[in-house]
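J.: Based on what follows, work out the 3D shape:
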Amino acid sequence: MRILSPIIFVLIFTLCLQAQKPMFPQPLSSRIANYDISVKLDTQSKKLVGNEILTWRNDSDDFIEDLQFHLYLNAFRHENSTFMKEVHTRYRYFRINENEQWGGIDIKKMCFLDGAALDTNLEFIQPDDENEQDHTVLRVMLPEALKPQEVIQLEIGFEAQLPRIFARTGYKGDFYMVGQWFPKIGVYEEAGERFATEGQWNCHQFHANSEFFADYGVYNVKITLPQEYIIGATGILNSETLNGDGTKTHHYNCEDVHDFAWTADTDFIVVKDRWKHVDIIYLVQPLRDRQARRQIQAVKNALAYCEEWFGLYPYPTLTIVDPQYGAYEAGGMEYPTLITTRMSWLTPHTIKLPESVTVHEFCHNYWYGIVANNEFEEAWLDEGLTTYSEIKIMDTYYGINEGSLLSILGLNVNLSQYEWTYYAYKPDLDIIFKNSWEYKIGGYGTFSYSKPAMMLLTLENYLGRQMMKKVLRSYYERYKFKHPTTLDFINTVNEISGQDLNWFFDQVLYTSRILDYKIDQITYDELENDSTARYSSRIVVAREGEMTFPIEILIKFEDGQEVIEKWDGKEKFKILNYKGPHRVISAQVDPQRKIWLDVNFLNNGKTITKNNTTVLKYSARFFFWIQNLLQFVSIFS
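T.: Predicted structure coming up:
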């Protein structure tokens, strides 16, 4: 079998890194999966013709008899792929019609470097749903088992048809967003890792509600296309070569990443900036370049916050892509060192949705890119932490009192309120911890984005800001360039905080229990025969939901006196009694609104005097209208 020994592997890699001027003096990751790819784009047929050399190490103690690959573009080959069946040919707000261009990827050659073929050993498998028409996972049987720590090199020739822009990849006119475009090896997990009882490949099919999971490595990628195109990609541009036939080859290199994406357009305007060690490249469409400063400042804000709270952004570049008009589907996506955003030339500064999207996608570079969990199986660890980080950054830099997301005609909406409306709409529809493709309809966004963000905001308020900062920084430092799990996160929280918080995570992550405490009653009696007290007041605090959580209750008396009571929240209700010269006039659960998991803030308070409950009720309803408005604006941005 054509296998490299670990010594030869190290020598080859050292020579490659010397030739490519390594980004980092020492490897930051285990560098299990490494790619040298040459690809040419035919702008007439919208096809990619590519060749890759995969250098992969068996980083386990198992003898591995097969390799498994993701062929993501086959999700767009026809309407019977698992992806298309799950969305019924609809994704986000767009539909593939009969006359639209479908996509797909074909393996033209797979062999060892000495030419010994593996083509006859290929088969498509469907580990998740047994849909034989789904060709997004390919298995190749090896002639000999790959021994522990041995390295294999394969040459793979492929052709890929890009679809009309769909599910974040494809083309629109002369604009190309090329993501998940090459044969990509899965992750092998040896026995004892995560949930495996024996060593196995973690190589899921491409689902409508799933993203990605891959090992880290070094990418050397050469992209050839017509010379009038402006290009951006993961990593560093090493060189550009004019080929004499009207094409140009762009050579990119990136180390310690687990994916590679690129974009091209004839109309891009290139805006450059710098933040500390990071070169920022913004590829923006004509007319929208006047909004470039907004997006660049948003990225700088995110870089500063994430460095302070989590740790250093380790890469020297960051590219921001503004998709062409009509290519909305390409917006709002993350890849290592490259993100896509959404912008409109007419979006006023009072609507900060463009900044919010940019901040969100950048934060993915921390939780998806650097601390890379399995997004197929535990999406919340990326999306939830990213949404939480986005909320904190938007509130910090755009003003929690001024509307960090929207400020129109005196109405201020913060991102935390916006995400809370998603969560509170159907809080018990599903649970957080499950495979991403198994969520009930409408559940993926709520239970991988919004509810986890509310969980983390609640956890921060419970632990305190500085302790939360210490927890997240420890989690980032421990698990950067690794593949942490939910249990790793929980163990980090428990260890760093010095508390056993399993009672909290067990309820929020693994059940659909809702949290809802309310002031049920306030009553008082006048005491005629008591010389020391004129009033006897009684407050009933009730737990409406099944989730328990310690709460505070603010009691106000008519003379202005205030008392804070604490309750562990475990019983169905708690009765508070007061005797004194002044009656209780109001009571409020969670007066500082620390518990973002509460599904109904309208029942948190009660008063025996005239109040503004009606105003609060209609304000809450208005947030749902604002949510719909923002979604509408985002479609046409």
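J.: Tell me who's in contact with the residue nearest to Tyr397 when sequence neighbours are not counted.
T.: The shortest distance from Tyr397 to any non-neighbouring residue, by Cβ to Cβ, 6 or more residues apart in numbering, is to Asn301 (4.3 Å). Yep, even glycine has a C-beta here, placed from its N, CA and C like the rest. The neighbourhood of Asn301, defined by Cβ atoms under 8 Å, 6 or more residues apart in numbering, consists of 359, 393, 396-397.
J.: got it, and Thr234?
T.: Going by Cβ under 8 Å, 6+ apart, Thr234 touches 219, 221, 252, 254, 257, 259-262, 319, 335-338.
J.: let's go with 6 Å and repeat that
T.: Going by Cβ atoms under 6 Å, 6 or more residues apart in numbering, Thr234 touches 254, 260-261, 335-338.
J.: just checking, the residue nearest to Tyr397 is part of a helix?
T.: Yes: secondary structure of Asn301 (DSSP: H, G, I helix; E, B strand; the rest coil): part of a helix.
J.: Helix, strand, or coil at the residue lying closest to His207 once chain neighbours are set aside?
T.: The shortest distance from His207 to any non-neighbouring residue, by Cβ to Cβ, 6+ apart, is to Trp437 (3.6 Å). When classified by three-state DSSP, Trp437 comes out as helix.
J.: What values do phi and psi take at the nearest residue to Ile553 once chain neighbours are set aside?
T.: Nearest non-adjacent residue to Ile553, counting by Cβ to Cβ, 6+ apart: Glu565, 4.5 Å away. Glu565 has phi and psi values of phi -110, psi 150 when expressed as degrees, to the nearest 10.
J.: Can you report how many residues lie near Glu565?
T.: If you count neighbours by other Cβ atoms under 10 Å, Glu565 ends up with 14.
J.: Am I right that it is in contact with Leu554?
T.: No: taking contacts as Cβ atoms under 6 Å, Glu565 lies outside contact range of Leu554: 8.1 Å.
J.: hang on, the earlier thing: any chance of the contacts of Thr234 in JSON lines, with neighbour count too?
T.: Putting these into JSON lines (neighbours: other Cβ atoms under 10 Å) gives the following:
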{"residue": "Cys254", "neighbour count": "24"}
{"residue": "Phe260", "neighbour count": "26"}
{"residue": "Ala261", "neighbour count": "25"}
{"residue": "Tyr335", "neighbour count": "28"}
{"residue": "Pro336", "neighbour count": "24"}
{"residue": "Thr337", "neighbour count": "26"}
{"residue": "Leu338", "neighbour count": "30"}
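J.: What ranges does the stretch 201-350 of the chain have for its helices?
T.: 292-309 (DSSP state H, counting those that start in this stretch).
J.: where does the residue nearest to His207 land on pLDDT?
T.: Listed pLDDT for Trp437 reads 95.
J.: next one: the one 4 residues further on
T.: At Ile441, the model reports a pLDDT of 88.
J.: Give me the subset of the contacts of Asn301 lying in helices.
T.: Cross-referencing the contacts of Asn301 against helices under DSSP state H gives 359, 393, 396-397.
J.: Quickly check these for the two that are furthest apart.
T.: Largest separation among those by Cβ to Cβ: Val359 and Thr396, giving 10.3 Å.
J.: So for the two, which sits in the more crowded spot?
T.: The neighbour comparison of Val359 against Thr396 (other Cβ under 10 Å) goes to Val359, with 29 against 15.
J.: Pull the contacting residues for the more buried one.
T.: 298, 302, 390, 393.
J.: Ok, Asn209 next?
T.: 436-437, 439, 444.
J.: nearest to Leu456, of the contacts of Val359?
T.: Distances from Leu456 to the contacts of Val359, taken by Cβ to Cβ, are shortest for Glu390, at 11.2 Å.
J.: Skipping its backbone neighbours, what lies nearest that closest one in space?
T.: Nearest non-adjacent residue to Glu390, counting by Cβ to Cβ, 6+ apart: His360, 4.4 Å away.
J.: do Gly186 as well
T.: Gly186's closest residue in space is Cys203 (Cβ to Cβ, 6+ apart), at 2.9 Å.
J.: Can you report how many residues lie near the one you found?
T.: Using other Cβ under 10 Å, Cys203 has 24 neighbouring residues.
J.: Pretty sure it sits against Phe69.
T.: No: Cys203 lies out of contact with Phe69 (Cβ under 6 Å); the separation is 7.3 Å.
J.: got a list of contacts for stretch 338-349?
T.: The contact list for stretch 338-349 (Cβ under 6 Å, 6+ apart) reads 234, 261, 287-288, 291, 319-322, 330-333, 354, 357-358, 361-362, 637.
J.: Tell me which residues of that stretch come out buried.
T.: Buried residues in stretch 338-349, counted by 16 or more other Cβ atoms under 10 Å: 338-344, 347.
J.: What's the local residue count around the residue nearest to Glu390?
T.: Around His360 there are 25 residues (other Cβ under 10 Å).
J.: again, but for the one 3 residues further on
T.: When neighbours are counted by other Cβ under 10 Å, Cys363 registers 27.
J.: Contact partners for it?
T.: When contacts are counted by Cβ under 6 Å, 6+ apart, Cys363 touches 386, 389-390.
J.: just to revisit the earlier point, quick check: the farthest pair among the contacts of Val359?
T.: Farthest apart among these by Cβ to Cβ are Ala298 and Glu390. That separation is 10.4 Å.
J.: okay, the two: which has more neighbours?
T.: For Ala298 versus Glu390, neighbours defined as other Cβ under 10 Å are more numerous around Glu390 (28 against 25).
J.: where along this structure do the helices fall?
T.: 6-19, 82-87, 292-309, 353-364, 380-398, 415-425, 443-445, 451-463, 465-479, 486-497, 502-510, 613-635.
J.: Sketch out the strands for the stretch 501-637 of the chain, chain order is fine.
T.: In the stretch 501-637 of the chain, the strands defined using DSSP state E, counting those that start in this stretch lie at 517-526, 535-543, 551-557, 562-567, 573-580, 584-589, 605-607.
J.: what does the last one contact?
T.: Contacts of strand 605-607 with the rest of the structure, by Cβ under 6 Å, 6+ apart, involve 519, 522, 586-588.
J.: Listing partners with orientation, what would you give for it?
T.: In the sheet, strand 605-607 lines up against strand 584-589 (antiparallel) (DSSP bridges).
J.: So which residues lie in contact with stretch 113-130, not counting its own?
T.: Stretch 113-130 is contacted from outside by 2, 82, 110-111, 134-135, 137-141, 153, 155, 204-205, using Cβ under 6 Å, 6+ apart.
J.: picking up where we left off before, quick check: the gap between the residue nearest to Glu390 and Ile432.
T.: Going from His360 to Ile432 by Cβ to Cβ, to the nearest Å gives 18 Å.
J.: The residue sitting nearest the centre point of the chain: what's it in contact with?
T.: For the chain, the residue nearest the mean C-alpha position is Glu383 (3.3 Å; Cα atoms, centre = their mean). Contact partners of Glu383, counting by Cβ under 6 Å, 6+ apart, are 448-449.
J.: Relative to Thr421, how far out is it?
T.: Per Cβ to Cβ, Glu383 is found 17 Å from Thr421.
J.: Tell me where the model's unsure across this structure.
T.: For the chain, the stretches with pLDDT under 70 are 1-24, 89-100, 193-196, 400, 609-637.
J.: Tell me where the stretch 101-250 of the chain has strands.
T.: Using DSSP E, counting those that start in this stretch, the strands of the stretch 101-250 of the chain run over residues 104-112, 122-124, 137-146, 151-161, 170-172, 175-178, 184-185, 187-189, 200-202, 217-226, 230-233, 236-242, 247-257.
J.: starting at the chain centroid, how far to the shortest one?
T.: Between the mean C-alpha location of strand 184-185 and the chain-wide mean there is a distance of 21 Å, by Cα atoms, centre = their mean, to the nearest Å.
J.: Do I have it right that Trp437 meets Ala208?
T.: No: Trp437 is not in contact with Ala208 according to Cβ under 6 Å; the separation is 7.1 Å.
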